[in-house]
Structure formats: C-alpha cells, structure tokens
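Asks: Have a look; sequence and predicted model below, questions after that.
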Amino acid sequence: MVKALELLSHPVELKSALKLKFIRQPLYAPRDIASPELTRCYELLKATSRSFAAVIQELNPELRDAVMLFYLILRALDTVEDDMTIEPQLKVKVLRSFAEKLDTRDWSFDGNSPEEKDRKVLVEFPCILHQYHELRPKYRQVIQDITVKMGNGMADYILDEQFNLQGVQTVKDYDLYCHYVAGLVGEGLTHLIVEAGFGTPDLDANPQLYESMGLFLQKTNIIRDYAEDLGDGRSFWPREIWSKYAEKLPDLGDPRNAQNGLSCINELVLNALSHVIDVFTYLSSINEQSTFQFCAIPQVMAIATLALVFNNEKVLTDRVKIRKGTTCELILKSHTLHGCLSIFRHYVRDIKSRVPVQDPNYLKVNIQVARIEQHIEEMYQDKLPNGAKPKETIYYTKAQERFKQDEKILPIEQNEEYKFNMALTVLLTIVSAIYFYAK
C-alpha cells in the first residue's frame, strides 16, 4: 500500500514502473529448453538474488551462463566466509581450497548453519559444478582465477587479528578490502566480457577501470549500511576518515554529534566520487548492448544511492534506500551512455547543491563535481565555437563510438514510448466511456 501511494505521488516514476512491467522487452529472452541442472542453477540464482537474476537472464546467451555461474560460485564462497557459526580454522581451509573444488564434479559443503539463507548453494554445489564444466575453457579459467584470489583474500582477513579487532584503519586498507569483495568481481566480469568480444581489448590492460567499477559500488554500500553493520558488531568505515569526527565510531550516531556524523558521511561520499570518471571510461568501452545494460544499471543505482546518503542523518540510524519507482526510472534511462551521463550529471549536481558551506570538505566536493562535469563535456565536445575541431582524446573517441551504439537503441525506446501512450489512451477512453455511460 505504501509503495503504491509512493508511486502515485511520483507520476514519472509510476510511468517508468508501468513501462518496465508491461511494455519493455528484454533484448534476449530466456532459452526455451535447458537441462535439469541448468534450470536448477537459475532457480538457485533467483533464490539468492532476484535483482541479479533478472539482469543476468537478459544477457547475451554467449555470456549469460558464464556470468550466472560466476555469481553462484562467488555467492557460495561468500556464504562460507559470512557464516559466523563455522569454526575459523575450517572456514580458512575451505576458502583456501575452494578454487580446487572447481576441478571436481561432486563436491558439496553442508557445514553452514541451518539458518544461513544461501546454504542451499553449497549443499547443491554439484549441480553448479556440472554446468561449470559445460562452459568454454576460457570462461572456466577466468572464474577459477578469481575464485583463487577471492578465497585467499577472505582467508587472510579472517586470520588478520588487527582487522578483526579494530576494523579498517587507513583509506589504503579500505581500498584493499573493497578490492577483495568487489574489485575482484569487476576484474572477473571484465575478463569474461573481453573474452566474449563484448568490450574493447584495452579493458583487460587497465585494471584501474574495472577496479573502480567494483569500488564505486562497494563504497556506496558501505556508507549506506553504517547502522546495519554497526548493529551486527562490525563496520568498514576507515578509521583514517571517521576518527576526524569522533573518538569512537558509534559516537557518530549520537544526536549530539549529528553535524560531525554528516561531515564524515560527506567525506566518504567524496572518496567514492573519485571513481566516477573511470566508470564513464569503462562504460564507453562496452560494445554489446545487453552487456552495457548489465554494467550500467548497478552504477546508476549507486550514484542515486550516493546522492541519497549525502548529508543525510538517517544513514546514522537506519538503512536508507532509493524508491522502487526511482529504480524503475533509472533502469529505463540507463540503456544508453547518453542516459547514464545524464543520470550522473543530475545526481552530482544534486550533491553539490546540498553540501553545507560549513562542511570541512565543501571546497573539495565542489572541485570533484566540477571535474566530473568537465569530463562529461570532454566526452561530448558538442558546444565548441564554429570551426573548432574536437580534441581527439581517448575519452572523446571512446564516447563517440559508444554514442553510435546508442543510436541503435533510440528506435526501441521510441517504440516503447509509443506503445505506452497508445495503451494509456485506450485505458482512458474505456474509463471515460464507462463514466459517461454510468451517468
């Protein structure tokens, strides 16, 4: 009821929700016939994350199963790491040897707590292994390489007594932690994308780009989840930043310390914004449409969430999230690079408009937003004086190539808009006829 009223109070978002539900068609429909094992894998995917299941199932068939299995394997790994009922020694052993299990065909693990919601992924792991061995060797190699790195990284953190007692200390530690939980996912996905021929080869040669894709998402989640993580007895906010504003991390949530809490949030947002320009370059390098949408949607969700948490004291007491209708609107607008740049520009300007003058990072936030806007202008270069030629920078060249792909999507978007308007016209006509007839 609340969500319905929320949509009705935001007509543009209501329209987006209706278009997404009834009008929009995926570029690639799910396959009609699949093996029992593959069918079960997609059921497991849906059970662990409905949102990821939706976007993965719309991927190009060349990449769809590989990404699905990559997600399930890392979800299994994370389910072991996240379960506090497993003895540390056993947990470390399983994590370090997890990648080796991918060479088998019947390994499973039932050591999770019965309350662990994703334990079925590990219990039914032979089903995942069956499909994993059906993948092309180049995809299997990418998945196994990332599993090695992530499993060992997780084990290292479990054995790191300083981390377990004091949490993340420096910004460098913060980046390293985000690398292991998100940067490696970005690396693996990028290798899969390049192997499939859906991204420019230089993506593989520039780790900073795929690292930034993962870190931007993870840092946004870490900022948003302050209250929830603190309630679970943990936090990933780096001491190097939060210690400027409080003696103890929980003190930031004290109403008497509200201004310092907001300043801390804003500095963390500023840190996350440092990855935005790399995100633009990465998206410009994707040349297959379903893969572009798969990469773009989480990024536009992240910038919207980042704007929501900026200077928002609710973050210190609750877990905030963007409206469902906003999500629908962002999904529809992020089909093109034009759309993504427009979304980012809107939200960074929103952040800039709300930064308090008394904020310690007031000037830095304004400078970072200016850099992002200037970079967007460099990608377009459409406001040059008469006779002036654009500078052929790598950012401009990549963007222009991607804009050509955007042009192919415009007829699809226009057709969806036409269908929606026709459906609305028919509906209004019927309602009007009933009303006048009833009179």
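Replies: That came in fine, so what should we check first?
Asks: Please name every helix or strand in contact with the helix or strand hosting residue 73.
Replies: For residue 73, the enclosing helix or strand under DSSP states H and E is helix 61-82. Helices and strands touching helix 61-82, by 3 or more Cβ pairs under 8 Å, 6 or more residues apart in numbering; DSSP states H and E, are helix 36-48, helix 50-56, helix 88-101, helix 119-123, helix 125-132, helix 137-159, helix 184-196, helix 289-309. Quick note: C-beta positions are derived from backbone N, CA and C, even for glycine.
Asks: Grab the longest helix from this protein for me.
Replies: When the chain is parsed with DSSP state H, its longest helix is helix 394-438.
Asks: before we move on, the earlier item: would you turn the helices and strands packed on helix 61-82 into TSV with distance to residue 80 and mean neighbour count?
Replies: Below are the helices and strands packed on helix 61-82 laid out as TSV (distance: least, Cβ to Cβ, whole Å; neighbours: other Cβ atoms under 10 Å):
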stretch	distance to residue 80	mean neighbour count
helix 36-48	14	17
helix 50-56	19	16
helix 88-101	5	17
helix 119-123	7	20
helix 125-132	11	20
helix 137-159	8	18
helix 184-196	16	22
helix 289-309	24	22
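Asks: Pipe those helices into JSON lines and attach mean pLDDT and distance to residue 393 per row.
Replies: Putting the helices and strands packed on helix 61-82 into JSON lines (pLDDT from 0 to 100; distance: least, Cβ to Cβ, whole Å) gives the following:
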{"stretch": "helix 36-48", "mean pLDDT": "95", "distance to residue 393": "40"}
{"stretch": "helix 50-56", "mean pLDDT": "87", "distance to residue 393": "31"}
{"stretch": "helix 88-101", "mean pLDDT": "97", "distance to residue 393": "40"}
{"stretch": "helix 119-123", "mean pLDDT": "97", "distance to residue 393": "44"}
{"stretch": "helix 125-132", "mean pLDDT": "98", "distance to residue 393": "41"}
{"stretch": "helix 137-159", "mean pLDDT": "97", "distance to residue 393": "30"}
{"stretch": "helix 184-196", "mean pLDDT": "97", "distance to residue 393": "22"}
{"stretch": "helix 289-309", "mean pLDDT": "97", "distance to residue 393": "21"}
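Asks: So which of the ones you listed is nearest residue 221?
Replies: Ranking the helices and strands packed on helix 61-82 by proximity to residue 221 (Cβ to Cβ) places helix 289-309 first, at 8.0 Å.
Asks: what's the offset of the longest helix of the chain from the middle of its chain?
Replies: Going by Cα atoms, centre = their mean, to the nearest Å, the spacing between the C-alpha centre of helix 394-438 and its chain's C-alpha centre is 26 Å.
Asks: go on, stretch 368-380?
Replies: 22 Å.
Asks: looking at the helices and strands packed on helix 61-82, which is closest to residue 76?
Replies: Proximity to residue 76 (Cβ to Cβ) singles out helix 119-123 among the helices and strands packed on helix 61-82, at 4.7 Å.
Asks: Run through who's touching the closest one.
Replies: Here helix 119-123 makes contact (Cβ atoms under 8 Å, 6 or more residues apart in numbering) with 44, 47-48, 72, 75-76, 79-80, 83, 108-110, 112-113, 128.
Asks: Pull out the buried members of those.
Replies: Neighbour-count burial (16 or more other Cβ atoms under 10 Å) applied to those gives 44, 48, 72, 75, 76, 79, 80, 83, 108, 109, 112, 128.
Asks: Relative to residue 207, which of those residues is nearest.
Replies: For these, the nearest to residue 207 is residue 75 (23.7 Å; Cβ to Cβ).
Asks: so that closest one makes contact with residue 116?
Replies: No - using Cβ atoms under 8 Å, residue 75 is not in contact with residue 116; the gap is 11.6 Å.
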